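Student: Sharing a model that was predicted from the sequence below.
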Amino acid sequence: MNAVRQALPAVHRVDSARLGRLAISSLYAELACAPKPGLVTPFSTGSHDDMDAGTFLRSLFALRHYYCQIARAGAQEASFETLRALGIAAEQAMLRATGGVNTHRGAIFSLGLLVAAAAGAQARRGTPLAAEQVCLQVTQWAGPLSQAPLDPHSPGQRARAQHRVAGVREQAAAGFPLLREVALPALRTARLAGVTRDAALCHTLMHLVAVVDDLNLLHRGGAAGLAWAKAEAAAFLRDGSVFASGWPQRLTRIDAGFVARRLSPGGSADLLACAWFLLQQEDA
């Protein structure tokens, strides 16, 4: 019997409440970051006429328990169906809080899986994983992810089908390569350079906008809108990004162009919050 007990893997205590707080604070950091092209900030509704910062804050309050719950589920090696049920309940809570406005559906999915993966890894190891390794942990759910039903009537899924591009489900099943290869390197570079949090987040966001086939951009602006947004982001990076003087003014001008075209890179914003969470959870 002792030999059997010794063969069982150790299960370490996971501070699920801490991971939940980090998830919520990461979503708040994304909201508070300004200026952001076409996105809601405390100072602007961006390209949206159905939401503002208050809408986002009500949503975050409604989601405050979800990320703690999914962290506990991840630490307990819960099934994908259990994680999915938690996500569905969280989405319903969000919609009740916002009067039916979708503020965080993408983040409920992506950030929820990353929180669960981080918690599961900590339960097995006793220490946090590096951000990139947490992303790869999500591939454990690749099979059920491929079988999970999609809402064909949602704007994002219509854009996905029309333009035949991969969505966040494919990103998750592949271990979030956009986070590992784009967002996390950009965010680490900016932090090492010693810029402010907002500057580091803006730098990372523009790296994402420059390369992501953002379904929200495709839904709002079609292929031409997506190409324009990518070109604007790439030009901002070529001109020195947040490391050049006057960057807030340049980004504010880009924001005006996004708003005029009603473009909003919501998918990139979700990935930005995920990247910030991943770096924060590395600190034990």
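Tutor: Thanks, I have it.
Student: from here on, contacts and neighbour counts on C-alpha atoms
Tutor: Will do.
Student: gap between A193 and S59?
Tutor: Remark: distance between A193 and S59 (C-alpha to C-alpha, to the nearest Å) = 33 Å.
Student: Can you tell me, leaving aside adjacent residues, what's nearest to A118?
Tutor: V134 (5.6 Å; C-alpha to C-alpha, 6 or more residues apart in numbering).
Student: quick one: contacts for the one you found?
Tutor: Contact partners of V134, counting by C-alpha atoms under 8 Å, 6 or more residues apart in numbering, are 114, 117-118, 121, 278.
Student: What score does Q6 have for pLDDT?
Tutor: Q6 carries a pLDDT value of 45.
Student: picking that back up, any idea which element the residue nearest to A118 lies in?
Tutor: Using DSSP states H and E, V134 maps to helix 131-137.
Student: before we move on, what about A224?
Tutor: helix 215-238.
Student: So, low pLDDT: which residues of this protein?
Tutor: Residues of the chain that meet the criterion pLDDT under 70 lie in 1-10, 149-166, 284.
Student: go with 90
Tutor: Across the chain, the ranges flagged by pLDDT under 90 are 1-13, 146-169, 283-284.
Student: From N216, how far off is F109?
Tutor: 15 Å.
Student: And for G266?
Tutor: Distance, G266 to N216, using C-alpha to C-alpha: 6 Å.
Student: same thing with F236?
Tutor: For F236, the distance to N216 - C-alpha to C-alpha - is 20 Å.
Student: follow-up on the earlier one: out of A193 and S59, which sits in the more crowded spot?
Tutor: S59 (24 against 11; other C-alpha atoms under 10 Å).
Student: Please identify the buried residues of the helix or strand hosting the more buried one?
Tutor: Counting by DSSP H and E, the element that carries S59 is helix 53-62. Residues of helix 53-62 classed as buried: 53, 55-60, 62 (neighbour count, 16 or more other C-alpha atoms under 10 Å).
Student: by contact count, what packs against that helix?
Tutor: Identification of packing neighbours for helix 53-62 by 3 or more C-alpha pairs under 8 Å, 6 or more residues apart in numbering; DSSP states H and E yields helix 16-32, helix 80-98.
Student: Show me which of those helices has the highest average neighbour count.
Tutor: Of all the helices and strands packed on helix 53-62, helix 16-32 has the most neighbours on average by mean count of other C-alpha atoms under 10 Å, namely a mean of 21.
Student: Give me the residues contacting that helix.
Tutor: 40-42, 53, 56-57, 60, 63-69, 71-72, 111, 115, 119, 201, 269, 272-274, 276-277, 280-281.
Student: what angle do it and helix 53-62 make?
Tutor: Relative orientation of helix 16-32 and helix 53-62, computed by axes from the mean of the first three to the mean of the last three C-alpha atoms, to 10 degrees: 170 degrees.
Student: quick one, what contacts the nearest residue to L179 once chain neighbours are set aside?
Tutor: Spatial nearest neighbour of L179, excluding adjacent residues (C-alpha to C-alpha, 6+ apart): A275 at 6.4 Å. Applying C-alpha under 8 Å, 6+ apart to A275 gives the contacts 179, 183-184, 187.
Student: switch the cut-off to 10 Å
Tutor: 26, 111, 114, 131-132, 135, 178-180, 182-188, 201, 204-205, 269 (C-alpha atoms under 10 Å, 6 or more residues apart in numbering).
Student: ditto for E81
Tutor: So E81 contacts 87, 144-145, 148 (C-alpha under 10 Å, 6+ apart).
Student: Just these: which are in helices?
Tutor: 87, 144-145 (DSSP state H).
Student: Return the closest of those with respect to R261.
Tutor: G87 (31.9 Å; C-alpha to C-alpha).
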